[in-house]
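> This is a predicted model, with the sequence first.
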Amino acid sequence: MTFEQLSIFVAVAEREHLTKAAFVIGLTPSAVSSAIRNLEASYGVELFHRVGRRIELTHEGRVFLGEAKATLARARAAALVLSDLGGLQKGELVVFASQTIASYWLPAMLMRFKIRYPGIDLKLMIGNTTTVARAVVDGLAEVGFVEGGVEEPALSFQSLAEDELLVVVGPRHPWATGKPVAPADLVSGTKWVMREKGSGTRSAFETAISNAGISFADLAVALELPSNEAVISAAREGICATVVSGAVAAPLLAQGLLVKARFPLPSRQFAILRHKQRHSSRASLALETICREDKAGEVQSWEDWTL
């Protein structure tokens, strides 16, 4: 049994979906499927039920999941100790980040880190805010980067930068004319395409409209989609409004393919998550320092992303 097999098993078990797990860990679905089958064959234990095109954890798989997570957490803790002893010359740093941060803000920070510390192997995993928080709690990642708040008492939450949230529509949508949008119009004036539950973008929007006296449950949500690219692609058709980071919308706004609706939303925080009771490695502290050095990373408006 290898640590790679354990990592693959945990990724699949948490999602009960081969393709989604393969995307997160950067392998092909066939490689993930082969690793699971080899693990099952080696020990003569069925870890997943194959139900049509779906997979479900067996009882044995659920028992093994806890052990696998604990083993990976202990292995990473040991690796952190060795990395610190090596003075950032060698080692590994596993980072989980939510989609917006992972796609539009964090890559530049990771590149700067790699230039300064070429011996540290960086591994980036992508999920929504809930997935990122769970990974840090379970010890699958030392640090996580998320948008907005996380209600998890085991984690510390430190703001790094600001991000602008926008309501955007296609050019043919009634809100594309530039008229002000009242809170009541969110319910009666449009249908919506939204990110999935657990997304930091959706959570921030729910909080903002709640403060304006609007319940998210009252919105006419036509579609829930699992990525930023999917929701803005759907919004371009002109039927629905959506909410995304200014960084996500900036290229399409500049091209006139999306229009910013006149409904202001408060900015939200890009933040780093750590486990309060676990050791913080030199590598993770160095990455946090680089993120804090990037004062230009504080996004005041979507125009910043088009310069």
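Structure's in. What do you need?

> for the worst-scoring helix or strand of the chain on mean pLDDT, packing partners?
Least confident helix or strand of the chain, by mean pLDDT, DSSP states H and E, is helix 59-85 with a mean of 83. Packing partners of helix 59-85 (3 or more C-beta pairs under 8 Å, 6 or more residues apart in numbering; DSSP states H and E): helix 3-15, strand 91-98, helix 282-293. In short, each C-beta sits where N, CA and C put it, glycine included.

> my guess is residue 162 meets residue 266, correct?
No: Residue 162 is beyond contact range of residue 266, at 9.9 Å (criterion: C-beta atoms under 8 Å).

> In terms of packing, which of the two has more residues around it?
Neighbours were tallied for residue 162 and for residue 266 using other C-beta atoms under 10 Å; the higher tally belongs to residue 162 (14 against 11).

> List the pairing partners of the host helix or strand of the more buried one within its sheet, with orientation.
Assessed by DSSP states H and E, residue 162 sits inside strand 155-163. Strand pairing for strand 155-163, using DSSP bridges, gives strand 268-275 (antiparallel).

> Please enumerate residues in contact with the strand it pairs with?
If you take C-beta atoms under 8 Å, 6 or more residues apart in numbering as the criterion, strand 268-275 is touched by 101, 105, 132-133, 136-137, 139, 142-150, 154-163, 165, 200, 204, 280, 284, 288, 291, 297.

> I'd like to know which of those residues are buried.
Buried residues within the contacts of strand 268-275, counting neighbours by 16 or more other C-beta atoms under 10 Å: 101, 105, 132-133, 136-137, 139, 142-150, 155, 157, 160-161, 163, 165, 200, 204, 284, 288, 291, 297.

> Need the residues touching each of residue 162 and residue 266.
Contact criterion C-beta under 8 Å, 6+ apart; no residue bridges residue 162 and residue 266 by contacting each.

> Pull the contacting residues for the residue sitting nearest the centre point of the chain.
The centroid of the chain falls nearest to residue 98 when counting by C-alpha atoms, centre = their mean (1.6 Å). By C-beta under 8 Å, 6+ apart, residue 98 lies in contact with 126, 127, 128, 129, 131, 132, 145, 146, 147, 199, 200.

> can you check residue 121 too?
Per C-beta under 8 Å, 6+ apart, neighbours of residue 121: 91, 92, 93.

> Where does it sit: helix, strand or coil?
Under DSSP: H, G, I helix; E, B strand; the rest coil, the three-state class of residue 121 is strand.

> one step back: what separates the residue nearest to the centre of the chain from residue 81, distance-wise?
As judged by C-beta to C-beta, to the nearest Å, residue 98 and residue 81 stand 28 Å apart.

> and the most far-flung residue of the chain relative to its centre, backbone torsions?
For the chain, the residue at maximal distance from the C-alpha centroid (C-alpha atoms, centre = their mean) is residue 44, at 35.1 Å. Dihedral angles of residue 44 (phi, psi; degrees, to the nearest 10) stand at phi 60, psi 30.

> and the gap between it and residue 213?
According to C-beta to C-beta, residue 44 and residue 213 sit 59 Å apart.

> Buried residues, stretch 38-53. List them.
By neighbour count on 16+ other C-beta under 10 Å, the buried set for stretch 38-53 is 39, 40, 47, 48.

> on that earlier part again, can you give me the pLDDT of the residue nearest to the centre of the chain?
Looking at residue 98, its pLDDT reads 91.

> So in terms of bridging, what pairs with it?
According to DSSP bridges, the residues that bridge with residue 98 are residue 127.

> Below-threshold pLDDT in the stretch 201-307 of the chain: ranges please.
Applying pLDDT under 70 to the stretch 201-307 of the chain flags the ranges 294-307.

> so who does the residue lying closest to residue 75 once chain neighbours are set aside touch?
Closest residue to residue 75 apart from its sequence neighbours, by C-beta to C-beta, 6 or more residues apart in numbering: residue 3 at 5.8 Å. Listed by C-beta under 8 Å, 6+ apart, the contact partners of residue 3 are 71, 72, 75.

> who are the neighbours in contact with residue 95?
106, 110, 122, 123, 124, 125, 141, 142, 143, 144, 145, 287.

> change it to 10 Å
By C-beta atoms under 10 Å, 6 or more residues apart in numbering, the residues touching residue 95 are 101-102, 106, 109-110, 113, 122-126, 132, 135-136, 141-145, 272, 283-284, 287.

> Before I go, just wanted to say thanks for your time.
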